[in-house]
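A.B. asks: Structure, please.
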Amino acid sequence: MGVRTRLLFAAVGAVALALVIGVAAFNMVLTQRLTDNAVSLAHAQAEEELASLEVLGGKLVVREGLERQEGAGGPVWVFQGSRAIEQPRVTTKLQDAAAALAGGPEKTTRVDESVRLYALPVRDGGQRVGTVVVGVRLEPYQETATVALVGSIAFAAVILAGVALLAHWILGKALLPVSRMTDDAAAWSENDLDRRFDRGEPYDELTRLAATLDTLLERLSASLRYEQRLTAELSHELRTPLARIAAEAELALRREREPDEYRESLEAVQRNAEHMTRAVESLLAAARQEPGGTRGTSDVRDGVRAAALAVEDEAEREGVELDVELPGEPVPVAVPHDLVERILHPLLENAVRYGRTEATVRIDADGPSVYVDVDDDGLGLEDGEEIHVFDPGVRGTAALAERRGVGLGLALSLRLARSVGGDVIARAGSDGGRFRVRLPAA
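C.D. replies: Numbers count the residues shown, from 1 in each chain. Model prediction:
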């Protein structure tokens, strides 16, 4: 059963139990009240009958005829001792019950569920001379009790049916938003993780549920974006060294070579394999790194050298001279060596890829930050591109003109720099590409 059905059964069951208890209690109280009324009426009739008697010479004498007594109420007996001096025409069982009360104390009893008898002693001068027994017909009381029982049960049934319908409607209305949110969340998790309920500040159960689902969807969306970004970055970083390894293997297999040439090819393969290993480890380390966590330190010059060495072959193929200007003294930064290389590699790769004849790398240490400038003499960036060129999948004018790149390198460089508290800034202009990397000094 669903939640709504269980809640409906619980609500109807609770109301049904309350109604059963209420109906039972009402009828029990009513029955007791009717019994008390019948006893009170019988007592009053007995007192009235007692007032109509007198004692003459030790004998009871009825002042008024019995016919009037029966017409006014129920059957009446007058006993002197155990002998009836007045009695109605009734069944033998009723006669015997009345006779059993003669001579006894003041008492009431019920006979055949239809008559209640009440016995009242007759005294004269402190001595008992007889007994008055009065009967009260119980049919009207029984009819009243039956009507009350049937009516209360019918009323309870109507109330229960009304409560069931009302509870069904209320639960349907109350849980409808939950069902809709559940369906929407399921659909969004499959197709559109950017959708949100946006119910505002939580103030009740439904808005808290909406806020919880929004948080869950945000985590799912962030996890999916992270997975897609990491996959794209790994693909971007591994594409070039894999292509170089494939090219070296193809050239080595195409014709017989001298041992020294094979050795050079294998060394190139090894360099690119090591480059791939460093790339994967750096990206995974950056992905696992927590904000504010302990970071390693390194000499920024080592990272610049490693990045320059990684693009050296491509610079030679492109006919671009890569000029690396390094200071004579170490320049410590609060960034691991491999991560410095990974931050600079896309910038140097772009510089040698889109520069015409020259690309330059310079280091500038300034207070709490260390700056690495990467410049080239290519087409540069147009106005407005210096911001959007860092968006994943966005390429500058030079890349679009030459149909090269997939627009992930600069986005990766910026993300890695910001993950260690740094930044990457681009400058627009037709005098070539201008990028500045800011890293925290150690």
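A.B. asks: how near is residue 245 to residue 258?
C.D. replies: According to Cβ to Cβ, to the nearest Å, residue 245 and residue 258 sit 21 Å apart. C-beta: built from backbone N, CA, C; applies to glycine.
A.B. asks: Equivalent analysis for residue 442, please.
C.D. replies: Counting by Cβ to Cβ, the gap from residue 442 to residue 258 is 46 Å.
A.B. asks: Neighbour count: the two, which is higher?
C.D. replies: Set residue 442 next to residue 258 and count neighbours by other Cβ atoms under 10 Å: residue 442 wins out with 16 against 8.
A.B. asks: pretty sure that one contacts residue 297?
C.D. replies: Yes. Shown here, residue 442 and residue 297 form a contact pair, counting by Cβ atoms under 8 Å, at 4.2 Å.
A.B. asks: Centre of the chain to the helix or strand where residue 307 lies, how far?
C.D. replies: Using DSSP states H and E, the element containing residue 307 is helix 300-310. In terms of Cα atoms, centre = their mean, to the nearest Å, the centre of helix 300-310 is set 51 Å apart from its chain centre.
A.B. asks: Same check on stretch 111-126?
C.D. replies: So, by Cα atoms, centre = their mean, the centroid of stretch 111-126 is 72 Å from its chain's centroid.
A.B. asks: ok, residue 362 to residue 196 distance?
C.D. replies: 46 Å.
A.B. asks: And for residue 105?
C.D. replies: Residue 105 is 85 Å from residue 196, by Cβ to Cβ.
A.B. asks: Please apply the same query to residue 218.
C.D. replies: 8 Å.
A.B. asks: Have a look at these two and say which one is more surrounded.
C.D. replies: residue 196 (17 against 13).
A.B. asks: Excluding sequence neighbours, find me the nearest residue to that one.
C.D. replies: Distances taken as Cβ to Cβ, 6 or more residues apart in numbering place residue 214 nearest to residue 196, at 4.9 Å, with adjacent residues excluded.
A.B. asks: Who are the contact partners of the one you found?
C.D. replies: 196-198 (Cβ atoms under 8 Å, 6 or more residues apart in numbering).
A.B. asks: Just to be sure, which of these are found in strands?
C.D. replies: The members of the contacts of residue 214 all map outside strands under DSSP state E.
A.B. asks: what about residue 17, distance to residue 156?
C.D. replies: To residue 156, residue 17 is 11 Å away according to Cβ to Cβ.
A.B. asks: These two: who's more crowded?
C.D. replies: residue 156 (18 against 10).
A.B. asks: Report all helices and strands that whichever helix or strand the more buried one is part of contacts.
C.D. replies: Assigned by DSSP H and E, residue 156 belongs to helix 139-191. Counting contacts by 3 or more Cβ pairs under 8 Å, 6 or more residues apart in numbering; DSSP states H and E, helix 139-191 is packed against helix 3-51, helix 205-254.
A.B. asks: Can you show me the strands along the stretch 301-442 of the chain?
C.D. replies: In the stretch 301-442 of the chain, the strands defined using DSSP state E, counting those that start in this stretch lie at 321-325, 332-333, 358-366, 369-376, 423-427, 434-440.
A.B. asks: What's the separation between the residue most central in space within the chain and residue 199?
C.D. replies: Centroid-nearest residue in the chain: residue 209, 4.3 Å away (criterion: Cα atoms, centre = their mean). Applying Cβ to Cβ, the value for residue 209 to residue 199 is 9 Å.
A.B. asks: do residue 309 as well
C.D. replies: From residue 309 to residue 199 the distance is 55 Å (Cβ to Cβ).
A.B. asks: These two: which is more packed in?
C.D. replies: residue 199 (18 against 15).
A.B. asks: Tell me who's in contact with that one.
C.D. replies: Each residue near residue 199 by Cβ under 8 Å, 6+ apart is listed here: 206-207, 210-211.
A.B. asks: One more: residue 324?
C.D. replies: 304-305, 308, 360-361.
A.B. asks: burial of residue 184, as a residue count?
C.D. replies: Neighbour number of residue 184 under other Cβ under 10 Å is 17.
A.B. asks: OK, contacts around it?
C.D. replies: Residues counted as contacts of residue 184 (Cβ under 8 Å, 6+ apart) are 195, 197.
A.B. asks: how near is residue 78 to residue 62?
C.D. replies: Residue 78 is 6 Å from residue 62, by Cβ to Cβ.
A.B. asks: How about residue 213?
C.D. replies: 91 Å.
A.B. asks: and the two? which has more neighbours close in?
C.D. replies: The residue with more neighbours, out of residue 213 and residue 62, is residue 213; 19 against 15, by other Cβ under 10 Å.
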